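Trainee: how does the following fold in three dimensions:
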Amino acid sequence: MLNGKYALITGANRGIGKAIVEIFARNKCNIIANSRTGGSLENLGSELKDQYRIKFHPLYFDVSDSDQVKESFKELIKITKDLDIVVNNAGVLVNNLLGMVSKKTINDVFSVNAFAAIYVMQYASRLMIKNQKGSIINISSIVGVAGNAGQVVYSGSKSALLGITRSAAKELAAYNIRVNSIAPGFIDTDMIKSLSPEKYKERFDSIKMKRLGTPEDVANCALFLASDLSSYITGQVIGVDGGMLI
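Mentor: The predicted structure follows:
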C-alpha cells in the first residue's frame, strides 16, 4: 500500500510510534524514524531492513526544539526530497489536578504535544508543496476530544493538536496535502502503567468493546490515512477507542 514512499515518524522507538513504523515497513514504505534518545532505533532499523528490504534512516532530535527540527530537516533532505507521509506521534502524558498544575508542566507538555507538530509540519509541508502531494497524520487522544478530569494540561494540548490539524488541512488542501488526526483511547502502552488501579478500572469499564486497544489498532488507522485509500479525506479526527465516546 505504501510501496516506495518515504515516511517521517516521530516518537518511533516504542509504543504506538514503533507499531506505525513496523506496519509501514511491512507495506514497503521507506522509514525516517525519529527519537530523541540516541541509538534507540538502531536494532529496529536493522531488523526491518533485513526483513522487508526497505530503507531505514534514524534521526535523533527533540521535536519540541525548533532549532533541532530545522537542522534535522536539512539532514532529511539529504536522504530524500520526496517526503510523502509525516506522522506526528511524539507525545508526553502528565496527570495533574487543576490546582497542582505548574507553569513548567504546561510549557513542557504543550511544547511536545502541540507546538512540535507545528514545527515539523512547517518544514514537511514545504517539501510536500513542491511535490503537490502528501499525508500528515497527527496523533492526538480521545481526551483531546472529550476532556478528562485530572488531565487539564494533557487534554488541552491534545485538543490544541486537533485545531492545528483542521487549520492545516484547510491551508494545505489546495496542494493535495491531506492532514488528519487519530484520537486513540485506552491503548496498551507504557503511558497507562502509571494509573492507579481505580483509574485503570474506571477507564477500562468505559470501553464498550471491553478490551484494551493495542498499538497495532492505531497503526492500522495510520496506514489507512497514509495510503491512497484515504485520498479524499482531510481535516478529520478518527477515534480509535473501542467505543469509549459512544
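Trainee: correct me, but residue 49 touches residue 55?
Mentor: Yes - Residue 49 is in contact with residue 55 according to Cβ atoms under 8 Å; the separation is 7.3 Å. All C-beta spots, glycine's among them, are computed from the backbone N, C-alpha and C.
Trainee: how about the strands in this protein?
Mentor: For the chain, the strands identified by DSSP state E occupy 6-9, 30-35, 56-60, 85-88, 134-139, 177-184, 237-240, in order along the chain.
Trainee: which helix or strand in this structure has the lowest average pLDDT?
Mentor: Scoring the helices and strands of the chain by mean pLDDT, DSSP states H and E places helix 197-205 at the bottom, with a mean of 89.
Trainee: and the contacts of that one?
Mentor: 186, 192, 195, 212, 244 (Cβ atoms under 8 Å, 6 or more residues apart in numbering).
Trainee: go again with 6 Å.
Mentor: Where contact means Cβ atoms under 6 Å, 6 or more residues apart in numbering, the residues beyond helix 197-205 that reach it are residue 186.
Trainee: equivalent analysis for stretch 158-167, please.
Mentor: In contact with stretch 158-167 (Cβ under 6 Å, 6+ apart) are residues 114, 117, 138, 140-141, 144, 179, 181, 235, 237.
Trainee: 7 Å instead?
Mentor: Contacts made with stretch 158-167 from outside it, assessed by Cβ atoms under 7 Å, 6 or more residues apart in numbering, are listed as 110, 113-114, 117-118, 138, 140-141, 143-144, 179-181, 235, 237.
Trainee: what distance separates the start and the end of stretch 139-155?
Mentor: Length of stretch 139-155, first residue to last, Cα to Cα, to the nearest Å: 13 Å.
Trainee: so how far is it off the chain centroid?
Mentor: Relative to the chain's own centre, stretch 139-155 is displaced by 15 Å; criterion: Cα atoms, centre = their mean, to the nearest Å.
Trainee: do the same with stretch 58-78
Mentor: On Cα atoms, centre = their mean, the centre of stretch 58-78 falls 16 Å from that of its chain.
Trainee: name the surrounding residues that touch it.
Mentor: Stretch 58-78 has contacts (Cβ under 7 Å, 6+ apart) with 8, 10, 32-36, 38, 41-42, 45, 90, 111-112, 115-116, 119-120, 123.
Trainee: show me which of those are buried.
Mentor: Among those, those classed as buried by 16 or more other Cβ atoms under 10 Å are 8, 10, 32-36, 41, 45, 90, 111-112, 115-116, 119-120, 123.
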